[in-house]
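Q: quick check, what structure comes out for this input:
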Amino acid sequence: MRFIRLVLACWGCWLFGVALAQAPFPAKPVNIIVPFPPGGAADQPSRLFSQAMNSVWKQSSVVITRPGAGGAIGASAVANAVPDGHTLLATNPSLLILPEADRLFGRTPAFDRSQFVPLGLLVADPVVLVVKADAPWKTYQEFVADARANPDKITYGSSGAYSASHLPIEMLANAAGMKLRHISYSGGGPAILAVLGGHIGVTASSPSAISAHIKSGALRPLVGTGAKRIASLPDVPTAVELGYKDAEFYIWIGLFAPAATPEAVVQTLRSDIQKGVTMDNGFNQSMVKLGAVPDYRPAAAFEEFLNKDAERIKATLQRIGKVD
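A: Below you'll find the predicted structure:
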């Protein structure tokens, strides 16, 4: 009897897999889970992407925010969702950071990158290191020289330990041989306000989050962390061009499906996503208006990007060590 139940269970799993593989996609609305609060850097591109996909899928795509635990709650929800392509994850480097941080502390990760299959990269924003307009440093070279001469004296703010503003500043510091003093805030916004108020020396943020302050003359950009200069800030050099090649970092937004999603559905998703973000350039134009840097890459190129980013992030976390 036990053997019969086992056979029936296996048969049921096989039938379920066949049904998923043969069902037309999409057969119902597609839920795009953003594991962060509404209005953030991941939320806005995801909503623009959702709008672009409505005409491709002929089904509604719905952005659902599932914030909590730095992105772990929403990511775990997608990892455990029915793998039929109708529940996707739109997330940022936290997908790589959180599991490594858990391992650093000897904890079992809430999720792992292996539980997802990459579909496409939407955005890859380098961050910009900024100081108050009346700060003594006119260039990044001046900042580096001062920081080297005065180790642990210059303060910088981030949105929290191992966050997307903490890691790039530590990368910059390590590449240039600087020692800066870290002050953690509840988010990127408070860190920017702290610089504007003269409470800390420097912070790092995406171009879209600080462009208004730069245009108004309140903040001075010193350096970017991308491989090339930001189009909206053509006079700001990159760390890479200044010789700091280990300081490349991006706040990227990418799309993922649960790892068990049938291959046919994965291929359809990848093809449809490429159509949605490239067919009329509306997505890219909308992203540029937001001040973001659209950087669509199909799955293979995105996978290569993720591998390189994972190496950089792991090395940086190990250098930083445990931060409570």
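
Q: can you show me the helices along this protein?
A: With helices called from DSSP state H, the chain shows them at 2-22, 43-57, 72-79, 94-104, 140-149, 166-176, 188-196, 207-216, 263-278, 282-290, 299-320.

Q: mind putting the ones you listed into CSV with distance to Ala257?
A: Glycine gets a C-beta too; all of them are placed from N, C-alpha and C. Formatted as CSV, the helices of the chain follow (distance: least, CB to CB, whole Å):
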stretch, distance to Ala257
helix 2-22, 12
helix 43-57, 14
helix 72-79, 8
helix 94-104, 13
helix 140-149, 40
helix 166-176, 26
helix 188-196, 28
helix 207-216, 27
helix 263-278, 6
helix 282-290, 19
helix 299-320, 10
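
Q: please work out the average pLDDT along stretch 128-141.
A: Throughout stretch 128-141, pLDDT has a mean value of 97.

Q: can you check stretch 147-154 too?
A: 98.

Q: again, but for stretch 177-187
A: Per-residue scores along stretch 177-187 average to 92.

Q: which residues does it contact?
A: 144, 147-148, 151-161, 166, 169-170, 172-173, 191, 194, 200, 202, 323 (CB atoms under 8 Å, 6 or more residues apart in numbering).

Q: just the buried members of these?
A: When these are checked for burial by 16 or more other CB atoms under 10 Å, the buried set is 144, 147, 154-161, 166, 169-170, 172-173, 191, 194, 200, 202.

Q: so which of the helices of the chain is nearest Pro29?
A: helix 43-57 (8.8 Å; CB to CB).

Q: what residues of that closest one count as buried?
A: Buried residues in helix 43-57, counted by 16+ other CB under 10 Å: 43-50, 52-53, 56-57.

Q: make TSV out of those and add pLDDT and distance to Ile97.
A: Converted to TSV, these look like this (pLDDT from 0 to 100; distance: CB to CB, whole Å):
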residue	pLDDT	distance to Ile97
Asp43	86	18
Gln44	85	21
Pro45	88	19
Ser46	92	19
Arg47	92	23
Leu48	91	24
Phe49	93	22
Ser50	93	25
Ala52	91	27
Met53	93	27
Val56	92	31
Trp57	93	31
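
Q: centroid residue for the chain?
A: Taking CA atoms, centre = their mean, the centroid of the chain lies closest to Asn92, which sits 2.1 Å from it.

Q: low-confidence regions, the chain specifically.
A: Along the chain, the model assigns pLDDT under 70 to residues 1-23, 280-281, 324.

Q: phi, psi of Gly106?
A: Gly106 adopts backbone torsions of phi 80, psi 20, taken as degrees, to the nearest 10.

Q: what about it, neighbour count?
A: Counted with other CB atoms under 10 Å, the neighbours of Gly106 add up to 7.

Q: thinking again about what came up before, so of the helices of the chain, which one's packed in deepest?
A: Most buried of the helices of the chain by mean neighbour count (mean count of other CB atoms under 10 Å) is helix 166-176; its value is a mean of 23.

Q: what about that helix, distance to the chain center?
A: Computed by CA atoms, centre = their mean, to the nearest Å, the separation of helix 166-176 from the middle of its chain amounts to 17 Å.

Q: how about stretch 141-150?
A: A distance of 29 Å separates the C-alpha centroid of stretch 141-150 from that of its chain, computed with CA atoms, centre = their mean.

Q: please apply the same query to stretch 145-154.
A: Per CA atoms, centre = their mean, the centroid offset for stretch 145-154 relative to its chain is 30 Å.

Q: same check, this time on stretch 257-267
A: 22 Å.

Q: number of nearby residues for Thr108?
A: By the measure other CB under 10 Å, the count of residues near Thr108 is 8.

Q: for the nearest residue to it once chain neighbours are set aside, what are its contacts?
A: In space, and not counting its chain neighbours, Thr108 is closest to Asp102: 6.8 Å by CB to CB, 6 or more residues apart in numbering. For Asp102, the contact set (CB under 8 Å, 6+ apart) comprises 108-110.

Q: got a markdown table for those residues, with distance to Leu242 too?
A: Formatted as a markdown table, those follow (distance: CB to CB, whole Å):
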| residue | distance to Leu242 |
| --- | --- |
| Thr108 | 40 |
| Pro109 | 35 |
| Ala110 | 37 |
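
Q: from those, pick the one nearest Ile33.
A: Distances from Ile33 to the contacts of Asp102, taken by CB to CB, are shortest for Ala110, at 14.5 Å.

Q: kind regards, and thank you for your time.
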